[in-house]
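Chemist: give the three-dimensional model of this entry:
(2 chains, ligands or ions: 3)
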Amino acid sequence: MNYDVIVVGSGLAGLRAAIAAIHGGASTAVLSMVYAVRSHSVAAQGGINAALGNVDPEDNWKNHAFDTVKGSDYLADQKAVCRMTEAAIPTIYEMEHWGTAFSRLPDGRIAQRPFGGAGKQRTCYAEDRTGHILLYTLFQQSVRNKAVFYDEWMVIDLVIEDNKCVGLIAMDMNSGELKSFGAKAVIFATGGAGRVYGASTNALICTGSGIGVAYRAGIPLKDMEFVQFHPTTLFGTNILITEGARGEGGYLYNRLGERFMKRYASEKMELAPRDIVARAIRTEVLEGRGFENAYVHLDLRHIGEEKLNERLPGIREIGLKFAGKDIVSDPLPIQPGQHYTMGGIDCDIDGKTKVDGVYAAGECACVSVHGANRLGGNSLLETIVFGKIAGDHAADYIASRKDAVNQSLLKNKLDAKEKFVSDLQSSKGKEKVGVLREKLRSTMIRNVGVFRKLDEMKEADKTITELKERYTKISFTHPSRKFNLELLTAMEMETMLEIGHVITEGAIRRTESRGGHYRVDYPERDDENWLKHTICTQGENGEPVFSDSEVDISIWEPKERKY
Amino acid sequence: MAEKTYEIRITRQDPDTGEKTKSFYQIPVIPGMTVLEALWYIVDRIDGSLSFRYSCRGGVCGSCSMQINREVQLACQVQLSMLPQGTIIIEPLPRLSVIKDLVVDMKPFMNKYNSVQPFFANKKLPQQGEMVQSAEQRTDIEDSVKCIMCGACYVVCPLVYKDADFMGPAAMAAAQRFAFDSRNEQGKQRLVEVNGLGDFHGCLKVGKCSHVCPKGVDPARRIEEIREYVEALSKNN
Ligand SMILES: Cc1cc2nc3c(=O)[nH]c(=O)nc-3n(C[C@H](O)[C@H](O)[C@H](O)COP(=O)(O)OP(=O)(O)OC[C@H]3O[C@@H](n4cnc5c(N)ncnc54)[C@H](O)[C@@H]3O)c2cc1C
Ligand code: SF4
Ligand code: FES
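Modeler: Numbering: from 1, shown residues only, chains lettered A, B, ... in the order given. Ligands and ions are numbered 1, 2, ... in the order given. The predicted structure follows:
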């Protein structure tokens, strides 16, 4: 099959990119591992930022931009941030015009709630189901625009010739067959890599397999060591308890009944940015003031049943179904968990990567608008704003590109991948891929987590090298290719090991603390040496090779970050 | 030492031969373990040939609906410890063709959802800002927008069983949503034109859909709302 533009991924970024490409006149297909409405975007809870000024008339997009830059610990590219926060306002209106059922103010305008790290009340929301309501809107608009979907297809290889996009190879998960697709433009919108970690809030499908496809094809990754740990995930399952819960007035208590945030951010308290609150909770637990040496309490009881039902019904349901706690009468046991991949496929402000015709948007991309720490409510915004930008640019690009895609190259790549998969399936070792995956996850969360120590990270690096070796000895229960979870996991695992490696070595290399990356041995930010992006490409023997690139600080001068 | 375990029986189907079999697995007792986690435990440690769908593991994506002890539920929301003692019986959703094991063909369900033209296509838009909607107007769509397309209502609806063309509860709840959204220009008009209305009369009011819905969409009530509207309309004419 041939299309002008292929979008990989059907979350918010992918659907918005597809709609833009279709509007731009490109024949467009969307390939995704899951039906669009199953994408991880559906799980987003708290909201999406835009300086509409509905609650706080003083607000404007420049305030939003500054909060974002400060929140990023000055690692975000400032012009990119301005582009996003300025576009935020028309973006929300467009979504609303397409039917998004936002929560409303008494006068019928879109409601906005306070969120961490924001100077004004600017987070638009739909109860605590914001991602669901946005994703359905874009899915519905895709139906309206007659988008072509290949649901339950896993993309496994990108085909490039002379630094130009030729197409890709994908597996139909239902039949197990591989197929090649010709496309002059490919947009990666494959989401984050949270499941490289244990204790993650992410959907089980967020393994970073799309990021890995780009990386193996020679496209650099950026800032992968910056991983966000969300302060409030449910103890045990690590299901997210939205920041909106603190936005609506929730308190954090330790075992001694102290509102301990006063020690860490006396002004913003519970609404300090995520990295700060996550470290505060970990410190409380490490210093013996947590419950069962593992968690603290998020208390919402004083907010009252009526408001909780109105603003946080999904959180009430999660508490009841997954922890047996009713937020109306019980505090929730919470602990930090892996939450967001700040780094990703290196791309510019238009979503373009180093390869002509290859774009990235959404959580899999690193523009960078989040720098070292993403503010809550900015990620949903990024997906829609940059999804559209990437789709627009891809449509322009194919209009200007006249050559035909090289079909014989596609065929060769398809044959090579076919052989790769059958070799993988016929390998006769003793290792079980599920066991290796658990080992990787527990290593990453323990050794490359909220607090990072050199010896622990080195140990993780060694473990990953060992796991890569063990991975060559995996075997399978079953030779079939049809919806074979063991095989799919094995293919994802190849990438997860690469990404784990890039994160770990990037974290070892960066000898400073900034945003989500906190080095116990280097507790200060070091602008002199480290105000720069980490770039990583895959070396000849599969090893990560690092270099740096400049951060755009053309608007605000870096300052100490205090809350 | 005898370890305490759960026994799980899963109905399997071979995609090549169509042959149905039952597999039995013993799962150790792990506090809080959900059915979905138990299925992963099986794939990772016991039998990698088992197939099922999954994504969010938090009851919001609609991937993992299946029959657990003969009830249609989301596997990620059911903890093993909540189930009655004895062998836990897991089967695919009924009435849809099986692709493999617990993975069924959702396309008929999805296509019906898409067939109600579930989208806004307003021509007149405000020059500036949002379309205003009062909190009260929003309550008209509050429940129908909660649908996660898990298909539970569809597979238990007796009418879907009898009439393959019957749209089913979720698609009708979506139709209700677009008809009753105060901001939608075509609103109720489109309901009359596009959806032919026949299906709303067809509903037998059995109410099984509302009973199984994990998200409180209450499709039976949504269908009733459409019926009330249509009846009022014909009285006025
Ligand atoms: C629990 C939770 C709550 C959140 N709440 C908020 C919030 O309130 N506000 C906010 O701003 N952000 C929030 N976030 C972050 C935000 O939801 C995500 O960053 C965002 O939804 C990512 O969207 P996306 O389109 O980039 O990717 P996703 O929605 O993750 O979609 C990725 C898509 O790529 C596909 N895919 C992946 N790999 C492949 C492959 N190899 N082949 C084919 N397809 C592939 C998947 O099938 C999927 O369709 C939250 C995140 C979590 C975990
Ligand atoms: S109406 Fe309820 S049961 Fe039916 S598909 Fe939607 S969420 Fe599932
Ligand atoms: S896995 Fe998403 S609803 Fe169960």
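Chemist: could you use CA atoms for every contact and neighbour count after this?
Modeler: Fine.
Chemist: which helix or which strand is home to B:Ala38?
Modeler: Element membership for B:Ala38, per DSSP states H and E: helix B:35-41.
Chemist: is ligand 3 contacted by stretch B:67-86?
Modeler: Yes: using CA under 6 Å from any ligand atom, stretch B:67-86 reaches ligand 3 at B:Leu74, B:Ala75, B:Cys76.
Chemist: quick one, longest helix in the chain?
Modeler: Picking chain A for this. Determined from DSSP state H, the single longest helix within chain A is helix A:485-509.
Chemist: that's the wrong chain, I wanted chain B
Modeler: Chain B, longest helix under DSSP H: helix B:219-236.
Chemist: helices of the stretch 201-350 of chain A, start to end?
Modeler: Assigned helices in the stretch 201-350 of chain A, in chain order: A:209-216, A:244-247, A:274-286, A:305-311, A:313-318 (criterion: DSSP state H, counting those that start in this stretch).
Chemist: so which of the ones you listed is nearest ligand 1?
Modeler: Closest approach to ligand 1 among those (CA to the nearest ligand atom): helix A:209-216, 4.2 Å.
Chemist: rewinding a little: check the offset of the helix holding B:Ala38 from the chain's centre.
Modeler: On the basis of CA atoms, centre = their mean, to the nearest Å, helix B:35-41 sits 20 Å off its chain's mean C-alpha point.
Chemist: what's that helix in contact with?
Modeler: Here helix B:35-41 makes contact (CA atoms under 8 Å, 6 or more residues apart in numbering or on different chains) with B:Ile27, B:Tyr54, B:Arg57, B:Cys64, B:Ala75, B:Cys76, B:Gln77, B:Val78, B:Gln79, B:Leu80.
Chemist: now the residues you listed in JSON lines, with secondary structure and distance to B:Ala164?
Modeler: Listed next are these as JSON lines, based on DSSP: H, G, I helix; E, B strand; the rest coil; distance: CA to CA, whole Å:
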{"residue": "B:Ile27", "secondary structure": "strand", "distance to B:Ala164": "39"}
{"residue": "B:Tyr54", "secondary structure": "coil", "distance to B:Ala164": "27"}
{"residue": "B:Arg57", "secondary structure": "coil", "distance to B:Ala164": "31"}
{"residue": "B:Cys64", "secondary structure": "coil", "distance to B:Ala164": "23"}
{"residue": "B:Ala75", "secondary structure": "helix", "distance to B:Ala164": "27"}
{"residue": "B:Cys76", "secondary structure": "helix", "distance to B:Ala164": "29"}
{"residue": "B:Gln77", "secondary structure": "helix", "distance to B:Ala164": "30"}
{"residue": "B:Val78", "secondary structure": "coil", "distance to B:Ala164": "30"}
{"residue": "B:Gln79", "secondary structure": "strand", "distance to B:Ala164": "34"}
{"residue": "B:Leu80", "secondary structure": "helix", "distance to B:Ala164": "35"}
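Chemist: which one of those residues is nearest A:Ala265?
Modeler: B:Arg57 (33.2 Å; CA to CA).
Chemist: now the closest one: how far from ligand 1?
Modeler: Computed with CA to the nearest ligand atom, to the nearest Å, the distance linking B:Arg57 and ligand 1 is 10 Å.
Chemist: what sits closest to A:Ile133 if chain neighbours are left out?
Modeler: A:Thr100 (6.1 Å; CA to CA, 6 or more residues apart in numbering or on different chains).
Chemist: ramachandran angles for the one you found?
Modeler: Dihedral angles of A:Thr100 (phi, psi; degrees, to the nearest 10) stand at phi -50, psi 130.
Chemist: can you pull the contacts of it?
Modeler: If you count contacts by CA under 8 Å, 6+ apart, A:Thr100 has them with A:Ile133, A:Leu134, A:Thr137.
Chemist: follow-up on the earlier one: and among the helices of the stretch 201-350 of chain A, the most buried is which?
Modeler: helix A:209-216 (a mean of 24; mean count of other CA atoms under 10 Å in any protein chain shown).
Chemist: circling back to that earlier point, do the longest helix of chain A and chain B meet at all?
Modeler: Yes: against chain B, helix A:485-509 shows contacts by CA under 8 Å from any CA of the partner chain at A:Leu485, A:Glu486.
Chemist: tell me which residues of the helix or strand following that helix come out buried.
Modeler: Counting by DSSP H and E, the element after helix A:485-509 in chain order, helix or strand, is helix A:527-530. By neighbour count on 16 or more other CA atoms under 10 Å in any protein chain shown, the buried set for helix A:527-530 is A:Trp530.
Chemist: next, give phi and psi for A:Thr534.
Modeler: phi -90, psi 130.
Chemist: hang on, it packs against A:Gly506?
Modeler: Yes: using CA atoms under 8 Å, A:Thr534 is in contact with A:Gly506, at 7.3 Å.
Chemist: common neighbours of these two, please.
Modeler: A:Asp223, A:Met224, A:Phe546.
Chemist: so what's the residue nearest to the last one when sequence neighbours are not counted up against?
Modeler: The shortest distance from A:Phe546 to any non-neighbouring residue, by CA to CA, 6+ apart, is to A:Cys536 (4.6 Å). Under the criterion of CA under 8 Å, 6+ apart, the contact partners of A:Cys536 comprise A:Pro220, A:Leu221, A:Lys222, A:Val502, A:Pro544, A:Val545, A:Phe546, A:Ser547.
Chemist: shouldn't A:Cys536 be within a strand?
Modeler: Yes: looking at A:Cys536 with DSSP: H, G, I helix; E, B strand; the rest coil, it is inside a strand.
Chemist: specify the beta-bridge partners of it.
Modeler: Under DSSP bridges, the beta-bridge partners of A:Cys536 are A:Leu221, A:Phe546.
Chemist: what is the nearest of the contacts of A:Thr100 to B:Asp105?
Modeler: Nearest to B:Asp105, judged by CA to CA, of these is A:Thr137 at 23.8 Å.
Chemist: distance of that closest one from ligand 3?
Modeler: 19 Å.
Chemist: okay, now that residue: neighbour count?
Modeler: Using other CA atoms under 10 Å in any protein chain shown, A:Thr137 has 24 neighbouring residues.
Chemist: can you list the domains in chain B?
Modeler: Domains of chain B are assigned by automatic domain parsing as B:5-104, B:107-236.
Chemist: near ligand 3, which residues of chain B?
Modeler: Where chain B comes near ligand 3, counting by CA under 6 Å from any ligand atom, the residues are B:54-64, B:74-76.
Chemist: what are the boundaries of the strands in the stretch 301-450 of chain A?
Modeler: Taking DSSP state E, counting those that start in this stretch, the strands of the stretch 301-450 of chain A run over residues A:332-341, A:344-346, A:358-360, A:365-366.
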